[in-house]
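K.L.:
dropping the sequence and predicted coords here.
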Amino acid sequence: MDETVYETLVGVTNSDFNIRTAAESRLKELASAPEFPVSLARLTMNKDLLVPHRQLAALTLKSYIDTHWSSKHDKFVGPELSEQSKSIVREVIVTGLADPESKIRVVSAYVVSKIATDDFPEDWPNLLDILFSYLKSNNADSVHGAMRVLLEMVKKDISIQQLPQIGPVLVPELFTILTSDNVYSFRTRGRAVTIFSSCIEMLSALREENPTLADQMVGPIIPQWLQAFGTILNHHVQDNAEKATEEYGLKIDVIKSICTISGQFPKYISDYLPQLFEPIWNDLHNLRERYVQEFVTDSSDVNETFQDSDGNEIGFQNLIYVLFDFVSAACSKKSVRNLFVTPDNQPTDFFIQMLYVLIVYMQITQEQMEVWSTNANQFVADEEEGTYTFNTRVAAIDVLFTFLDAFPIPFFNALSKVVQRHVAESLEMRNNGISSWWKIHEACLLATGRMNEDLMEYLEDESQKVQFDLRSLFDNVVLEDMKLSDLPFLQGRAFVFASEYAKILPQDFATQYVTIAVQALQSTTSGVPVKISALRALNNFCKHLDAQYVTPYQVPIMESACQLLPVATDESLILLLDTLGSSVKINREITARYEQTLTQAILDAWNKFSTDSIINSYILDIFEEFSKNEHYFPSLCNRALPFIAQVLTEANVEPTIKANAIDLLTAMIAFGPSPLPDQFTEQMYPVLMQLAWQTPDSEILQSTQECLKQFVVHDTEHLVRWHDASGKSGLDYAIHFVDKLLDPSATESDAAFVGELIVTLIKKVGNNIAPVLPRLLSAVLTRLESTHDISQVFVQSLVLVFAHLIISQQDTTLQFLVQTFINSKSGLTILMTHWVDNYESFSGYYSLKVSAIALSKIFLVNNPDILNMSVKGDIVVNPNAGIVTRSKSKRNPDQYTAIPLSMKIIKLLVADLGNSLPNDTNAQDEADSIGDEDGDWEDVVDDVATRSRQEYQLLSDVLANITEDDDDEENNPDLKNDPIYQTDLRTYLVDFFRNCSGHNVNHFMEICQQLTEDEQFILHSSMN
């Protein structure tokens, strides 16, 4: 069998198609034989064969295990291998871990790990003994193979319950391997560290079950490991670049392990942090020269990173990243605070030097210059504050923000000194003819610019005693840098820096800065970096400078942006649109004079990117600004409405494009005047509704719902008054559309906003909708009842229709619900069942208030249908259920108690009230639960976090701090005048409960006696 399998494997590698195809077919036939996997294992171990053929045998075995080893595998096809054959395979393949050929050890480890996932420990109980024997063999090959398997097993196969037995044997062997630097490679020692880190994580999980045992295991071993880590971090390979890079890999694993220990068992590492900080700081300090030489200057001598056999990228840049991670994680801990801050809250010399070095790492690299000079989109993406790009420059900025959070005042005082020193040294470099002098200049402006909001806040408060001479920076650096057109990245950074401090820009500088930025944007010789930076700066200037400084330049900004729009894409287009959106706000009359240019440019951009949701969102913002401008709006309508109508009526246009066109129309309606010009209702409305009736597309239907809602809000009378040629009114059109959405055949996605649309119709159309309202409400109930697995969001949309009606027309609505039956269920039963079952998942500032107030009004009604109704109560816990899998939950769904509706309402409203109570008690409970363990690892900034929690004690306070842009409900201009919107929910609920208690409304006192202790405590605390 071995020979047959071998010949077939060789045939699989043959370049002749016919031979290869025949061999592949033959291999599938052989797979059905029980001897096949045994032969593959033996061929893998046969040292007489070529290594590639042995590898192929092992990889074939690995695939075979997926399909034939266990029926538990997703890829299993059968037949399952006999236990006897499995045993032989396990016995043979595990010897490959000690093979002298590293490629065979690696592939054998893959196979052993895969088998272990199925068979360990039940069917392969001696596997760990075999692996431990390899670890103790003092043979580098055997240790290498065993470590690869253990690395996988610790992550996947060894349980936390097994760790107390395995750990005491495994961890000492790992430590021996780590410290035997003359025997094992850096990578093998690194694996020992990684396995140890996994053990630490498992011990942390064990601590939840047995904290004493976990601490007993961790306490004795941490000191020796940390001591070994310190030795490794202090060591540096000399005169061997390849070995030095391999050592970086070990150091990366060590620093990651230190961070793991600090996160899981902080009290055991606190005292060691100062000693560990020293070698890490030394590496950061010493590697900066190499970083500058290889990446920042013109040198092309760059040592590339490489991937080890595990796929990990190794290189000194990767080491820098983890060094930064350690500094960020450790800097705010009490045991190292004195390294950064003096007792009188001033920065230490070490802190100043740390910032000095970090800014060195923030310099632009040669590679970045080459890419950014020609790729505008990449330049915009990489230089965004929230960039998804990750590099040394970005990582260093992240560390700066960590320092700012931990020591804000010392940080700024240190940064001021560092910037002054770097600027002075860069000027010396310039005088000495060093061409890269400007890069550290640019990095200083980047660092200071990114901290703009915090620095301005601290400078404004003189009591903070922040000393940062921004005026000197503007006087001596920024204006001069702006004029250096031969250094585009420095010139561009100066533009952006000045704009980042636009709010406090000295008046004598403001006009100069805007002028230079506009000139750079208009210049035909400006390259990508300068134009992009000028755009970014002008965007900030338009937003933050007083209008007097930017109004003279509004036209050049708008014209330049429009000229660039046709050639811009992706990120650069977004920046252009954002800047254009800022510029059109400056002076609306000036904007209106350029309507033809602006509108056409925006419509052309929309036409080109009509399916791009992000670009569309920026274009919508601009359309909103156009629509708010009363001077601009008439011309906008004449130009944009025919364009939109054409998109909506043309055949073969993608539904997404039509939906986005509807959104443009919606923006014009929502932000234009009310009532609307005649062409909206008389021309656009029929086009919109005809499309909505005929389309099955969810995107179009959703966009139409919002658009129709805005029509109703802004042009109600005209909509009711308008009739088509057949006599159908605008309201008839709307009702016909709502009927389509409420039809049971429509999906939830189709009718996502139908509830809000119906509420708007009821509020705005008034008596005109009365004849069809019962039919609409019946359709809402039918939709609630007919949909299985209905989403909570859709339930909220439908339920709130009745919630609004109950608040405004309580008796009529309840009478309708009691008298209406759907599938033998009363409308009241259908509504209340879905309402209370989903109540806690409702969302939205206004919607939550509507739901709570309406529910409270239902409780107050003395109606037997309400008083006698039962709904779902608390879940019934089965103590013998064990772990509930997905399949088990389907077979045995959760069981609930049944409780009266009135009690359920009180429980829900008490929960609302509980969410709005002061959380001092909760904060104290959290503090008590931390215990002593974290005491030595407590963040310096913990007091800030505590203060933040105390600042927001009430749910109503939190809700009150939600801004308009945070909630889509704010788009409805009527909301602010709605009494419900203005209601303080906590005050309302307290008054509600006091009234119920004082009059024992609907047996309120008896209900209270059946509440839980926590619920009774909430009621008692709020009412007293």
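P.N.:
Arrived safely, thanks for sending.

K.L.:
please make it C-alpha for all contacts and neighbour counts, starting now.
P.N.:
OK.

K.L.:
helix, strand or coil for Val653?
P.N.:
coil (DSSP: H, G, I helix; E, B strand; the rest coil).

K.L.:
my read is that it contacts Gln646, right?
P.N.:
No. Counting by Cα atoms under 8 Å, Gln646 is not a contact partner of Val653; they are 10.3 Å apart.

K.L.:
give me the more crowded residue out of these two.
P.N.:
Gln646 (14 against 11; other Cα atoms under 10 Å).

K.L.:
are there residues contacting both of Val653 and Gln646? Which ones?
P.N.:
The contact sets of Val653 and Gln646 do not overlap (Cα atoms under 8 Å, 6 or more residues apart in numbering).

K.L.:
so where do the helices sit in the stretch 901-1024 of the chain?
P.N.:
Listed in chain order, the helices of the stretch 901-1024 of the chain (DSSP state H, counting those that start in this stretch) span residues 901-915, 920-930, 942-951, 955-960, 979-982, 985-999, 1004-1009, 1013-1023.

K.L.:
name the helices or strands packed onto the helix or strand containing Leu817?
P.N.:
Per DSSP states H and E, Leu817 falls inside helix 810-819. The helices and strands touching helix 810-819, judged by 3 or more Cα pairs under 8 Å, 6 or more residues apart in numbering; DSSP states H and E, are helix 792-808, strand 825-826, helix 827-838.

K.L.:
now mean pLDDT and mean neighbour count too, for those, in CSV please.
P.N.:
Formatted as CSV, the helices and strands packed on helix 810-819 follow (pLDDT from 0 to 100; neighbours: other Cα atoms under 10 Å):
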stretch, mean pLDDT, mean neighbour count
helix 792-808, 94, 21
strand 825-826, 94, 14
helix 827-838, 94, 20
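
K.L.:
would you turn these into TSV with distance to Leu203?
P.N.:
Output for the helices and strands packed on helix 810-819, formatted as TSV (distance: least, Cα to Cα, whole Å):
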stretch	distance to Leu203
helix 792-808	39
strand 825-826	55
helix 827-838	39
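
K.L.:
out of those, which is closest to Leu989?
P.N.:
Of all those, the one in closest proximity to Leu989, counting by Cα to Cα, is helix 792-808 (15.1 Å).

K.L.:
how far out from the middle of the chain is that closest one?
P.N.:
Helix 792-808 sits 31 Å away from the centroid of its parent chain (Cα atoms, centre = their mean, to the nearest Å).

K.L.:
now the helices for the stretch 551-700 of the chain?
P.N.:
According to DSSP H, counting those that start in this stretch, the helices that the stretch 551-700 of the chain contains are 554-564, 570-583, 588-593, 595-608, 613-628, 633-649, 655-671, 678-679, 685-694, 698-714.

K.L.:
using the record's domain definitions, break this protein down for me.
P.N.:
Following the TED database, one finds the domains of the chain at 469-586, 828-917+968-1023.

K.L.:
turn the helices of the stretch 551-700 of the chain into JSON lines, columns for distance to Leu30 and mean pLDDT.
P.N.:
Listed next are the helices of the stretch 551-700 of the chain as JSON lines, based on distance: least, Cα to Cα, whole Å; pLDDT from 0 to 100:
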{"stretch": "helix 554-564", "distance to Leu30": "65", "mean pLDDT": "95"}
{"stretch": "helix 570-583", "distance to Leu30": "54", "mean pLDDT": "95"}
{"stretch": "helix 588-593", "distance to Leu30": "78", "mean pLDDT": "96"}
{"stretch": "helix 595-608", "distance to Leu30": "57", "mean pLDDT": "96"}
{"stretch": "helix 613-628", "distance to Leu30": "53", "mean pLDDT": "96"}
{"stretch": "helix 633-649", "distance to Leu30": "61", "mean pLDDT": "97"}
{"stretch": "helix 655-671", "distance to Leu30": "52", "mean pLDDT": "97"}
{"stretch": "helix 678-679", "distance to Leu30": "76", "mean pLDDT": "94"}
{"stretch": "helix 685-694", "distance to Leu30": "58", "mean pLDDT": "96"}
{"stretch": "helix 698-714", "distance to Leu30": "52", "mean pLDDT": "96"}
